[in-house]
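**Q** Predicted model follows, preceded by the sequence.
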Amino acid sequence: MSETTETPVDAELSDRELDRLWELALHEERVLNERSGYFLIAHAMLLVFAVTAIEYLHIFAVMACILIGAVMSILWLIVNARQLQEMRTAAGIVRDRLPGYVAYRKAIPSRGIRKFGPGAFAFGIPLAVASIWLMFAAERLWSLLWPA
């Protein structure tokens, strides 16, 4: 059998390894935030297109735009969940081993919205955007089934 070269989570890490892990956690957080910005821009453009298309395109073309938006929201949620897990894993390994970070965590209050932290951001925004797409679809279907 071959030996594994992975470093156990409880192993003693050098300062350099701790710094690299902390940089990885910061990188993952940055990617999460940047990706969310790109997804929001894409959703905004698609939503504007779909609302504008109501006037000019068939209902099925509009519904296709809505479906694409809903699928994008689900994919966004899945990608954010993975990214958040990677960020939390890297930060969790070094969290209690960096004296400056330990002091910082003790100094800030851990109540209110801060308690939910990145999870609210990573899951809340994609779910809110998905609900917009679902309401938009329901409104279009309602107008198709029961015209005014």
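**A** All right, it came through fine.

**Q** For the helix ranked longest in the chain, give the mean pLDDT please.
**A** Longest helix of the chain, by residue count under DSSP state H: helix 15-56. Across helix 15-56, the average pLDDT comes to 89.

**Q** Next secondary structure element downstream of it?
**A** The helix or strand immediately downstream of helix 15-56 is helix 59-94, counting by DSSP states H and E.

**Q** what's the neighbour count on S36?
**A** For S36, the count of nearby residues is 18 (other C-beta atoms under 10 Å). Using the backbone N, CA and C atoms, a C-beta is placed for each residue, glycine as well.

**Q** Adjust the sequence numbering to begin at 20 for everything that follows.
**A** From this message on, residue numbering opens at 20, which makes the last subject S55.

**Q** Please name the nearest non-neighbouring residue to it.
**A** I144 (6.3 Å; C-beta to C-beta, 6 or more residues apart in numbering).

**Q** now the helix or strand in which the one you found is found against helix 34-75, angle please.
**A** Using DSSP H and E, I144 sits within helix 144-164. Angle of helix 144-164 versus helix 34-75, following axes from the mean of the first three to the mean of the last three C-alpha atoms, to 10 degrees, is 10 degrees.

**Q** now helix 144-164 against helix 78-113, angle please.
**A** Helix 144-164 and helix 78-113 are oriented at 170 degrees to each other (the same axes, to 10 degrees).
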